[in-house]
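[1] Need coordinates for the following:
(chains A and B)
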Amino acid sequence: MDAKRPKSPRSADIISGNDDLLLEIILLLPPKTLLRFQSVSRHWHSLISAASFGRQHTRLHHSRRPKPQPSFLLRNLLRFFYFNPTSKHFFPFNFNSPHTRILQSSNGLLLLESRNSPYGRRDYFVCNPTTRQARKLLIDCGSDKRKKTMIFGLCLAFDPSKSPYYNVVCLRGAQSSTSNYRVEVYNSESQTWKVVGEHHIAVSVKLCNGIYWNDGIYWIRPTSRSLYLDLQNGNLRNPPGIRTPWRKAGEINKNYIMESNGHFHCLAMYLRPDMKYLIVFELLADGSGWFERYWVDLNPIAGEMNGPVGVIGIVRGEREEESSVLFHVPGKIISYRFCDDSFEVVLDLTRDHRIYVEHRLQFQRYDAYQFIETLAPV
Amino acid sequence: MARKNRNPVGKNVDPEAQKKKTRTLTLKSSDGQEFSISESAAVLSIAIENMVEDDCAGGVIPLPLVDGGTLARVITYLNKHAEDGASDEEKRKFDEEFVSGMEMGVLFDVVLAANYLDIRGLLREVRRRIADRMKNKSVEWVRKTFHIESDFTPEEEEQMKKEFAWAWEGVDSDVDD
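    Predicted coordinates:
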């Protein structure tokens, strides 16, 4: 190789001055690198933070395989933490307001409920935790205050493999009748709300914890009937056959509904003194029922599982080696790989006195949110 | 390789394509070096194809934006891709080896040449290679390599580094590869 050849200073200058060429190169870089390179110069910052660049990057990187490995936002009683089980990075993550709740995570974007004081007015945001951009949703846009009705559910639908734009679904009481719901959808491309339908539902509970899957939103509830909202036509119905899988009498049983990389799961954990195991059910592609996808023998780590145990998440990679489930025991997060039945402690907090309390879980059930890093604009 | 059938039966032999294989063009670099290349290889560059169509053929095609060293590399690439019977797999392997040993300055020269000569495949390959090299590099390395001076204040830089601290994890040291 020609080591003595002088570097081409001219070429570097020409490329730096040619935005088209430069953009085509940096478009190939992953989000993490691009966030770092925003601080190269003001010009690079403006190129990388442009919404059009974010959309182009999303189209290019999420339309093909392999999909990036997910990160997590975990919450303890005081704050959120960023955690990546692959790189093992773990650090505090702050939202703009400390009084923030994550309502939903959908493939890289978050739906947030935020107040400026503990009892302040609720505002709703769509936020990209990778770029830290957030957009406030203008839900109560009507000027007549008497006509405002209660919001029963708010859901985010974002699938970067299909589009860099997202939809937000709002279910609220209709003005015509108290047991009717009106479905409104916000589209980030047109930046407008549209009423897509009105439905009669017999349940009058908050429809939170929806999961976006297969062009619709699912609310799977262990004790009452599940609901499915078809985003194509705004229809709301009770899907048959997807009550959460069986529970055995006398066993300590926990159910978790979790989505990862296009797979919809119900994780059922059974912890008996003599036998501990986890069954991962997956929803069939047509949403008609569950099948048993994995069976995990927890006895090899039974010693860790005598106290409280939780599940942080399931990760489904494109390849089986990248698929794992993350358990949480006091002070530790343990990853289990399905392909070779191996357990690994991916996070040890037992020496972190700010967080660790003996015999307690640091992160509560449903306080772990999976997301993939993306530059998708909000 | 099987011997060419000199008397092909059927109508699927394009006489124009045959002519291109035997006809040679001369490309002249910015520093005056001349290279002969078969027309069929040269026209993989859309820019050269246009020049040939505009009747520069027969004479010498001047390429004032490409130096001799870079042009020699580009011609190696074009010859491989115009080669009869080279399978896609063979070409893919060639492409990978072709760019793997190049240092950043050379990649820059080649990406500009591929851009100017409009050679899509080469452009794609070199862009990808440059991005691969940049992926784990520091901000300082980018500034040095792309000749950029920071116009951020140290406070602004510190602020961005704090905001996206995780993006600074796992960065290579600045030794040039």
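
[2] Tell me, how many residues neighbour whatever residue of the stretch 151-300 of chain A ends up closest to chain B?
    Going by C-beta to the nearest C-beta, chain B is nearest to A:Pro160 of the stretch 151-300 of chain A, at 19.3 Å. In short, each C-beta sits where N, CA and C put it, glycine included. Per other C-beta atoms under 10 Å in any protein chain shown, the neighbour tally for A:Pro160 reads 24.

[3] any idea how far A:Asn261 is from the spatially closest residue to it that is not a sequence neighbour?
    Computed as C-beta to C-beta, 6 or more residues apart in numbering or on different chains, the closest residue to A:Pro160 that is not its neighbour in sequence is A:His62, at 3.6 Å. Distance from A:His62 to A:Asn261, counting by C-beta to C-beta, to the nearest Å: 11 Å.

[4] what's the straight distance from one end of stretch A:102-120 to the other?
    Start-to-end span of stretch A:102-120 (C-alpha to C-alpha, to the nearest Å) is 16 Å.

[5] and if you look at stretch A:163-179?
    End-to-end for stretch A:163-179, by C-alpha to C-alpha: 34 Å.

[6] Please work out the average pLDDT along that stretch.
    On average, the pLDDT along stretch A:163-179 is 82.

[7] Just the buried positions in it, please.
    A:Ser163, A:Pro164, A:Tyr165, A:Tyr166, A:Asn167, A:Val168, A:Val169, A:Cys170, A:Leu171, A:Arg172, A:Gly173, A:Ala174 (16 or more other C-beta atoms under 10 Å in any protein chain shown).

[8] out of those, which touch chain B?
    The subset of the buried residues of stretch A:163-179 lying close to chain B, counting by C-beta under 8 Å from any C-beta of the partner chain, is empty.

[9] so where's the longest helix in chain A?
    helix A:51-62 (DSSP state H).

[10] give me the element A:Arg10 is part of.
    helix A:9-17 (DSSP states H and E).

[11] go on, B:Thr70?
    Per DSSP H and E: B:Thr70 is located in helix B:68-82.

[12] domain assignment for chain A?
    A:18-60, A:61-371 (automatic domain parsing).

[13] can you tell me which of those the model trusts least?
    When the domains of chain A are compared by mean pLDDT, domain A:61-371 comes last with a mean of 83.

[14] gap between that one and the chain center?
    Per C-alpha atoms, centre = their mean, to the nearest Å, the displacement of domain A:61-371 from the mean C-alpha position of its chain is 6 Å.

[15] how about residue 95, what does it touch?
    Went with chain A since none was named. A:Phe80, A:Leu112, A:Ser114, A:Cys127 (C-beta atoms under 8 Å, 6 or more residues apart in numbering or on different chains).

[16] actually chain B
    Per C-beta under 8 Å, 6+ apart, neighbours of B:Asp95: B:Tyr77, B:Gly121, B:Glu125.

[17] so which of those residues is the most crowded?
    Result: B:Tyr77 is most packed of the contacts of B:Asp95 (other C-beta under 10 Å), 25 neighbours.

[18] any idea how far chain A is from that one?
    B:Tyr77 sits 17 Å away from chain A, taking C-beta to the nearest C-beta, to the nearest Å as the criterion.

[19] give me every residue that touches that residue.
    Applying C-beta under 8 Å, 6+ apart, the residues near B:Tyr77 are B:Asp95, B:Phe98, B:Ile119, B:Leu122.

[20] Recalculate using a threshold of 7 Å.
    Neighbouring residues of B:Tyr77 by C-beta atoms under 7 Å, 6 or more residues apart in numbering or on different chains: B:Phe98, B:Leu122.

[21] excluding its backbone neighbours, what's nearest the residue of the stretch 101-250 of chain A found nearest chain B?
    Across the stretch 101-250 of chain A, the shortest distance to chain B (C-beta to the nearest C-beta) belongs to A:Arg132, at 6.7 Å. Leaving aside its chain neighbours, A:Arg132 sits nearest to B:Glu163 (6.7 Å; criterion: C-beta to C-beta, 6+ apart).

[22] Just give me the neighbour total for the one you found.
    14.

[23] repeat for the one 4 residues further on
    Counted with other C-beta under 10 Å, residues neighbouring B:Ala167 total 23.
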